[in-house]
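Undergrad: build the 3D model from these lines:
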Amino acid sequence: MIDISKAPRIVDAAAQGLSAERISPHARQVVERLKDAGYTAFLVGGCVRDLILGQEPKDFDVVTQARPEEIRQIFRNARLIGRRFRLAHVHFGREIVEVATYRAAPSGGGDEEHDGNVFGTVEEDAFRRDFTINALYYDPDEGLVYDYAGGLDDLAARRLSVIGDPEARFREDPVRMLRAVRFAARLNFRLTEDSRALVPTLGPLLRDVAAARLFEEVLKLFHTGNAEATYAALCEHGLFEVLFPGVAAVLGSRPDPDSLLARALANSDLRIAQGKPVTPAFLFAALLWEGVQEEAMHSIAEGAMPAEAWAQAAEQVLREQLRIVMIPKRFSVPMREIWTLQSRFERRMGRHAFRFLESKRFRAAYDFLGLRAAVGEAGSDLFDWWTRFQEATAPEREAMVEGLHEKGQGEKRPRRRRRRRASGS
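TA: A predicted model of the protein is given here:
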């Protein structure tokens with residue numbers, strides 16, 4: 001645990017690779033105006049960490065002595081948000097600079113809900129942060145970095161250390177374990193040994209976290225460009241099976257690089273790197289597919305009709321998953337459509353292929369078919385046919401469908417690969 005009465009380590013920012021030119025002009029403007037109004041203010045957290053590591057920050061956060069209402073008086077373009085802990089969002093067109101007031105040290109009762117809007121000093125604020133590498137405060141005017149918790153040493157050692165007692169902090173908020181795994185995967189850092197030993201044991205505490213909050217955390221885990229590495233880290237620390245027990249029962253406790261899920265996450269990372277959009281509906285379709293397939297194939301083996309088996313499997317897997325991670329209907333509905341549309345790729349006779357091509361969910365379903373073909377769950381010839389059909393001219397499409405009539409193709413049942421349920425090892 002850090003001693004909040006201890007003076008911080010103060011270092012020259014330039015020696016850490018920090019310069020005003022690398023900072024968002026709007027973020028620096030926020031710091032300057034707060035200081036001109038008589039308040040202390042710093043850039044803090046992930047932006048300072050990423051700048052020192054030579055990475056480009058996703059956004060810039062400011063922390064200050066000023067209260068939320070005082071921040072709003074200084075910035076007419078500021079909006080106050082949040083109830084548990086009020087923040088100010090200062091808008092500069094599409095860029096938002098988040099400004100928070102220093103938070104006080106916990107009351108000791110372990111109730112963060114009621115501690116949320118208790119304001120304090122910068123030293124207390126440093127104590128409230130989760131990891132040492134996020135407790136670095138940068139004053140761009142002075143050109144100084146204030147390190148209250150040994151974050152600079154941890155950055156140099158590529159080490160992820162919890163501030164305070166790891167067990168107490170993880171019990172206080174189990175989501176910190178997910179944040180630890182996410183940061184470790186994204187930064188290629190290693191958790192300290194005490195944290196590594198605790199996470200598999202305390203992981204089940206995540207089941208007590210609100211399902212809606214875990215939905216947001218899952219998006220952070222898999223939609224920030226490091227999904228493949230994060231998946232491996234979740235498996236390594238025993239957290240994937242807590243979040244997705246049905247899928248983990250099929251895939252096992254180690255990431256399978258040949259699974260549809262692993263390929264989907266790798267593709268997601270590539271799309272984000274290329275600046276292309278990703279959607280939660282497709283993410284959850286891939287995350288839950290192995291469980292749906294396992295349940296459906298089990299029912300079919302026991303004599304159920306395929307259509308009914310697949311529908312019931314989707315319903316059962318989704319119902320069980322919603323107990324842990326909430327998936328809003330705006331994503332769960334298109335997710336299920338991606339699944340159910342897979343059978344339509346086999347029906348290409350007549351005008352069916354033309355109508356299907358116009359479906360608003362065709363592209364997502366087609367991409368999913370590509371994943372299934374890559375792992376042997378669907379024929380590559382079927383996927384290739386639909387690829388050519390999209391690129392063909394109208395006359396060429398007519399000829400392709402006519403060719404299916406001549407060959408007597410177009411209505412085959414999809415090939416499905418049956419996975420053996422993985423052991424707990």
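Undergrad: may I see the buried residues of the helix or strand hosting Ile71?
TA: Element membership of Ile71, judged by DSSP states H and E, is helix 68-74. Neighbour counts over helix 68-74 (16 or more other C-beta atoms under 10 Å) mark Pro68, Glu70, Ile71, Arg72, Ile74 as buried. Yep, even glycine has a C-beta here, placed from its N, CA and C like the rest.
Undergrad: is the closest residue to Ala210 other than its chain neighbours in a helix, a strand, or coil?
TA: If the residues on either side of it in the chain are set aside, Ala210 comes closest to Met326, at 7.9 Å by C-beta to C-beta, 6 or more residues apart in numbering. Under DSSP: H, G, I helix; E, B strand; the rest coil, the three-state class of Met326 is coil.
Undergrad: check which element follows the lengthiest helix in the chain along the chain.
TA: When the chain is parsed with DSSP state H, its longest helix is helix 280-301. Using DSSP H and E, the helix or strand that follows helix 280-301 in sequence is helix 306-322.
Undergrad: show residues contacting that following helix.
TA: Contact with helix 306-322 is made by 211, 244-246, 288, 291-297, 299-300, 304, 327, 332, 336, 339-340, 343, 413, as judged by C-beta atoms under 8 Å, 6 or more residues apart in numbering.
Undergrad: now with 7 Å?
TA: Outside helix 306-322, the residues that touch it by C-beta atoms under 7 Å, 6 or more residues apart in numbering are Ala211, Gly246, Leu288, Gly291, Val292, Glu295, Ala296, Ser299, Ile300, Ser332, Arg336, Trp339.
Undergrad: is it possible to get a markdown table of those that adds distance to Arg84 and pLDDT?
TA: Converted to a markdown table, these look like this (distance: C-beta to C-beta, whole Å; pLDDT from 0 to 100):
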| residue | distance to Arg84 | pLDDT |
| --- | --- | --- |
| Ala211 | 18 | 96 |
| Gly246 | 32 | 90 |
| Leu288 | 30 | 95 |
| Gly291 | 34 | 91 |
| Val292 | 36 | 92 |
| Glu295 | 38 | 89 |
| Ala296 | 41 | 88 |
| Ser299 | 44 | 90 |
| Ile300 | 48 | 89 |
| Ser332 | 27 | 95 |
| Arg336 | 33 | 93 |
| Trp339 | 36 | 93 |
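Undergrad: now render those as TSV, adding neighbour count and distance to Ala88.
TA: TSV is the format used below for the contacts of helix 306-322 (neighbours: other C-beta atoms under 10 Å; distance: C-beta to C-beta, whole Å):
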residue	neighbour count	distance to Ala88
Ala211	14	29
Gly246	21	41
Leu288	25	38
Gly291	24	42
Val292	23	44
Glu295	21	47
Ala296	25	50
Ser299	18	53
Ile300	17	56
Ser332	20	34
Arg336	19	39
Trp339	23	42
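Undergrad: report the two of those separated the most.
TA: With C-beta to C-beta as the measure, no two of the contacts of helix 306-322 lie farther apart than Ala211 and Ile300, at 30.2 Å.
Undergrad: hmm, back to that, given the helix or strand just after the helix holding Ile71, what are its sheet partners and their directions?
TA: Later in the chain than helix 68-74, the nearest helix or strand by DSSP H and E is strand 78-81. According to DSSP bridges, strand 78-81 has the following sheet partners: strand 87-92 (antiparallel).
Undergrad: in the strand it pairs with, what counts as buried?
TA: Leu87, Ala88, His89, Val90.
Undergrad: what of stretch 50-64?
TA: Judged by neighbour count (16+ other C-beta under 10 Å), stretch 50-64 contains these buried residues: Asp50, Leu51, Ile52, Leu53, Pro57, Phe60, Asp61, Val62, Val63, Thr64.
Undergrad: export it as PDB, just CAs?
TA: Only the C-alpha atoms of stretch 50-64 are listed here, as PDB (Å, rounded to 0.1, in the frame of the first residue of the first chain):
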ATOM      1  CA  ASP A  50       1.100   5.600 -23.300                       C
ATOM      2  CA  LEU A  51       3.100   8.700 -24.100                       C
ATOM      3  CA  ILE A  52       6.000   7.400 -21.900                       C
ATOM      4  CA  LEU A  53       5.700   4.000 -23.700                       C
ATOM      5  CA  GLY A  54       5.900   5.800 -27.100                       C
ATOM      6  CA  GLN A  55       2.300   5.000 -28.000                       C
ATOM      7  CA  GLU A  56      -0.400   7.300 -29.300                       C
ATOM      8  CA  PRO A  57      -3.000   7.900 -26.500                       C
ATOM      9  CA  LYS A  58      -6.600   7.200 -27.500                       C
ATOM     10  CA  ASP A  59      -7.700  10.200 -25.400                       C
ATOM     11  CA  PHE A  60      -6.500  12.600 -22.800                       C
ATOM     12  CA  ASP A  61      -7.800  12.800 -19.300                       C
ATOM     13  CA  VAL A  62      -7.400  15.700 -16.900                       C
ATOM     14  CA  VAL A  63      -7.600  15.700 -13.100                       C
ATOM     15  CA  THR A  64      -8.000  18.800 -11.100                       C
END
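Undergrad: give the contact list for the residue positioned nearest the centre of the chain.
TA: Nearest to the centroid of the C-alpha atoms of the chain, with distances taken as C-alpha atoms, centre = their mean, sits Lys220, at 2.1 Å. Contacts for Lys220 were tallied using C-beta under 7 Å, 6+ apart; they are Arg182.
Undergrad: that's a helix at it, yeah?
TA: Yes: looking at Lys220 with three-state DSSP, it is inside a helix.
Undergrad: ranking helices and strands of the chain by mean pLDDT, which lands last?
TA: The weakest-scoring helix or strand in the chain, judged by mean pLDDT, DSSP states H and E, is helix 112-115 (a mean of 45).
Undergrad: which element follows that one toward the C-terminus?
TA: Defined by DSSP H and E, the subsequent element after helix 112-115 is helix 122-128.
Undergrad: hmm, who's touching that following helix?
TA: 2, 4, 40, 63, 102-105, 135, 137, 148-149, 163.
Undergrad: of these, which is the nearest to Ala27?
TA: Minimum distance to Ala27 across those is 11.7 Å, recorded for Val63 (C-beta to C-beta).
Undergrad: thanks a lot, see you next time.
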